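S.K.: Build me a model from this:
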Amino acid sequence: MVSSRPTSSTSRGTKKTRRGGADCDTARIGFVGAGKLATAIITGLISQRGQVDPKRIYVSAPTTINTDSLKITYPGIHTSKRNIDIFGRFDCDIVFICCPPNVIRSLYKIGGSRPAALTTNFIPNMRHPVYIISLVFGFTVQQIKECLLNPENPGRYTAQFFRCVISHPIAYGVGHWWIDTEPDSERFPNLVREIFTRIALIEYVPESLLDTVCIIVGSGITFCYYFINAIADGAVKKGMPRKMAVKFAAKIASSTSQTILTTDINANQLKEDASSPSGGAIYGQMILDKSEVSSGICGAIEASYKRSQTLALTGKTENIE
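M.R.: A predicted model of the protein is given here:
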């Protein structure tokens, strides 16, 4: 792998004038925020098929709780407590905004009609292309721009902004990435596509639906793990070893999902096709219906959305009911 680019003022100036943009082997990838999703993306990039040298990863967070752990796991990662370093001192080419929505909301409260800068000072005019990708629930691309670009001259930047949702399994090289731009279009940067198609399937979703996608992906994955574990519990209750039971349940979940995606047949119809008259499956479904499992899962999605919306609208992190 190519080592980090030099950081002296002279060499940086030379670098910026000679390159129109980085490539897959030199691009610096930055993260504003070091939570679970940022960690999952970093893990996928380094540990899985991403093949990215840790020295090309840069992370900013207000505390060192998560960044210290990252540096131990992946020696060579660069960290800072200052968000501005991602764009200034570290000079990243691709930047993920991974902070919680309450952080962005607090900037609007501080700044009033015009938000305060996420990076304390607005980001510098980077003389090479920089791709800024927001994963923040509840805030549009335009709102994220207002937290980063100098409002006195926003047109002087060479930055491109995108909004997306990334699933946690990206940590294991099997994630999905839903973005507000057609991934095969000219607007979608080749650099981003070439690096991230190694560890995720990239698909287009209109920005208007990304908040809903965020909840389905973020909470839905958790609920799927919950359901797989519940199926495994039933097998364990009947004498199957735990490890074997979990594998069987996961394989069933995987093949079921692939059937829906491959055939495009409605899940209800497939459920009927798999249930024999007076068979065990229909008796089990009656127990699920009696326990209101379906409405419970639907309610859980709604509760997740409401909680995320509360964080985005109020900026408060304590329990609000």
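S.K.: what comes into contact with the longest strand anywhere in the chain?
M.R.: What stands out as the longest strand in the chain, according to DSSP state E, is strand 159-166. Strand 159-166 is contacted from outside by 37, 40-41, 123, 126, 129-135, 140-141, 144-145, 148-149, 175-181, 187-189, 200, 205, 207, 210, 213-214, 217-218, using C-beta atoms under 8 Å, 6 or more residues apart in numbering. Heads up, the C-betas are built off the backbone N, CA and C, glycines and all.
S.K.: In its sheet, which strands sit next to that strand, and in what direction?
M.R.: Next to strand 159-166 in the sheet, as set by DSSP bridges, lie strand 130-134 (parallel), strand 175-179 (antiparallel).
S.K.: Let me know the average pLDDT across the helix or strand just after the last one.
M.R.: Moving toward the C-terminus from strand 175-179, the next helix or strand (DSSP states H and E) is helix 190-196. Averaging the model's pLDDT scores along helix 190-196 yields 93.
S.K.: What residues of helix 190-196 count as buried?
M.R.: 191-192, 195-196 (16 or more other C-beta atoms under 10 Å).
S.K.: repeat for stretch 88-104
M.R.: So for stretch 88-104, counting by 16+ other C-beta under 10 Å, buried means 88, 90-104.
S.K.: what's the straight distance from one end of it to the other?
M.R.: Stretch 88-104 has an end-to-end distance of 20 Å (criterion: C-alpha to C-alpha, to the nearest Å).
S.K.: In the sheet, which residues pair with the most centrally placed residue in the chain? Tell me.
M.R.: Residue closest to the average C-alpha location in the chain (C-alpha atoms, centre = their mean): Ile166, at 3.3 Å. Per DSSP bridges, the residues bridged to Ile166 are Trp177.
S.K.: gap between the two ends of stretch 146-156?
M.R.: Start-to-end, stretch 146-156 (C-alpha to C-alpha) is 14 Å.
S.K.: quick one: average pLDDT of it?
M.R.: 86.
S.K.: For that stretch, give me every contacting residue.
M.R.: With contacts defined as C-beta under 8 Å, 6+ apart, stretch 146-156 is touched by 87, 104, 107, 114-119, 122-123, 125, 132, 145, 157, 159.
S.K.: next one: stretch 237-246
M.R.: 228-229, 231-233, 235-236, 248.
S.K.: Only whichever of the residues you listed are buried, select them in PyMOL.
M.R.: In PyMOL syntax, the buried subset of the contacts of stretch 237-246 is picked out as below (16+ other C-beta under 10 Å):
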select buried, resi 228+231+232+235+236
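S.K.: can you tell me which of the contacts of stretch 237-246 are in strands?
M.R.: When the contacts of stretch 237-246 are checked against strands using DSSP E, none is located there.
S.K.: and the contacts of stretch 237-246, which of them are in helices?
M.R.: Among the contacts of stretch 237-246, DSSP state H puts 228-229, 231-233, 235-236, 248 in helices.
S.K.: Now do the same contact list for Leu45.
M.R.: Taking C-beta under 8 Å, 6+ apart, one finds 29, 52, 57, 195, 199 in contact with Leu45.
S.K.: go on, Ile195?
M.R.: With C-beta under 8 Å, 6+ apart, Ile195 has these contacts: 24, 27, 29, 45, 50, 52, 94.
S.K.: go with 10 Å
M.R.: The neighbours of Ile195, taking C-beta atoms under 10 Å, 6 or more residues apart in numbering as the test, are 23-25, 27, 29, 45, 50-52, 93-94, 189.
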